[in-house]
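Undergrad: Fold the following.
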Amino acid sequence: MSNNTNNNSTNNNSTDTNSTITTTTAEPANTTAEYLLQRCYESVLSNGQSDIVKYLMYFCGGWIIAWCIITMLVNICHKNSGHQRYVHFYEELSIILLAICMCILNFVFNHKSKVCKFVAIFNHFFMCLTAAIFFAEALFASSMVHGKSDKNGSVPWILYYLFPIVLAVAPTLATFFTQEKYYGTAYLHCFADSTVDMFWGFVIPVWVLLTIAGLKAQLACIACDRQLPSQDVAQCYWARRSVKSLVLISQYLFSIWLMILFAAEHQVLLVVLDLTSSVFQKIYVFILVTLMVILFGPALFVCHTYCHLNTCQKWAGNGCFASLYAMCPPKPVPTEKDEDDEDKPDAIPEKTLPDEPMSEKNEIPESEKPTNNDRPPGLYSPTKTPGPNELGPNKHTESQKFYSWLTDTNGSGKSGDILFRPSVA
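TA: Got it, this is the predicted structure:
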């Protein structure tokens, strides 16, 4: 019995040892703090689900890049130039690089810690750079709308390109040096870990820049039109439309960036039902991101083309698409006075004199007045009794005879001869 007991105990010990060895070998070789962070996620996407997510994100990245290139080509064809166009071009380049980082490299190198660390840095930098360019655009457009500058805004034009880089580098380096231990440790994506302070370093600087840019743009949007004749017409036209679309396109891009972060970070929270349809339950946020990106491409194209005067002059018209480029009717231009007219005093309007009595206007001297014998047979004479041939066809008083009697200055004749003339058979 003792031997059997010893054998059983020995077998139990060996079994425990084997189970311990099996459990140990099942874990990844990485047992550092990085792996402890990975252990926070109870379940992740399977290989098949990961492939679906990658293809969706590759499509999103290619879609954004394609629309940015189309926007560039259209503006080149329409000969839109000037610093207002160069700022938009700068913005489009930054969005292209951001799309490459957050949609492509983010899911290609998610299992390579060292490379993923650099991808996370660039992911943060290009989002901050894009937000800073939006801020520079708001400053540029606002100064033109308020009439503070005739051309190229109220600050030196070189700052529109250098200042965004400074604003992007500062929070990127500050977050990296204070939260370096969390970079490249997610193993699900090359982004920020939303459960640590690294997340706030990624989000808060971008949020602050976009909030200030949006506030600046909205204040310019509701301001009175202070365009001066000396200002550049194309830049003023761009500025008035740019401030209206800046908040929409900037916040939309920021929402896509955050949605990709949360979709990749919290895959476990998306598991609702453990059924065959769980594939959709886990990746529906990625599908939502894809739909948002599909709308973002055309929205970026419209916002970066309808601001320019040359494009609106060519594409404005009737219809759903052409109405987006409809131009406001021109304001009436006041007529300019000639120099000769300005020197002359204002003409005094002629006063209309009241009508004088007919008796005073047509008064004839006594010597020139015709006698009764000189009057034509058709005219009335107060001292002459009209004959039967002088009566009108209706045998009543004619207007000419009545008028002649009224204007007769001698006062001869009787009213009865005119007003109550007897009928002649």
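
Undergrad: contact partners of stretch 86-98?
TA: Defining contact as C-beta atoms under 8 Å, 6 or more residues apart in numbering, one finds that stretch 86-98 is touched by 64-65, 68-69, 71-72, 75, 122-123, 126-127, 129-130, 133-134, 136-137, 140, 160-161, 164, 253, 257, 300, 304, 307. Quick note: C-beta positions are derived from backbone N, CA and C, even for glycine.

Undergrad: are any of the residues you listed buried, and which?
TA: 64-65, 68, 71-72, 75, 122-123, 126-127, 129-130, 133-134, 136-137, 140, 160, 164, 253, 257, 300, 304, 307 (16 or more other C-beta atoms under 10 Å).

Undergrad: Which of those residues fall in helices?
TA: 64-65, 68, 71-72, 75, 122-123, 126-127, 129-130, 133-134, 136-137, 140, 160, 164, 253, 257, 300 (DSSP state H).

Undergrad: can you list the domain ranges for this protein.
TA: Annotated domains of the chain cover 30-325, 372-419 [automatic domain parsing].

Undergrad: Over the longest one, what's the mean pLDDT, rounded is fine.
TA: Read it as domain 30-325. The average pLDDT for domain 30-325 rounds to 84.

Undergrad: Give the other helices and strands that the helix or strand that Lys244 is a member of contacts.
TA: Per DSSP states H and E, Lys244 falls inside helix 233-265. The contact analysis (3 or more C-beta pairs under 8 Å, 6 or more residues apart in numbering; DSSP states H and E) places helix 233-265 against helix 83-99, helix 106-108, helix 113-145, helix 198-221, helix 278-303, helix 309-315.

Undergrad: And Gln49, how far from Tyr55?
TA: According to C-beta to C-beta, to the nearest Å, Gln49 and Tyr55 sit 11 Å apart.

Undergrad: what's the answer for Gly319, then?
TA: For Gly319 relative to Tyr55 (C-beta to C-beta), the value is 35 Å.

Undergrad: cool, and Leu295?
TA: Applying C-beta to C-beta, the value for Leu295 to Tyr55 is 19 Å.

Undergrad: With adjacent residues omitted, what lies nearest to Asn80?
TA: His308 (4.2 Å; C-beta to C-beta, 6 or more residues apart in numbering).

Undergrad: My guess is that neighbour contacts Ser81. True?
TA: No - assessed by C-beta atoms under 8 Å, His308 is found out of contact with Ser81, at 9.3 Å.

Undergrad: For those two, work out which one has more neighbours and name it.
TA: His308 (27 against 13; other C-beta atoms under 10 Å).
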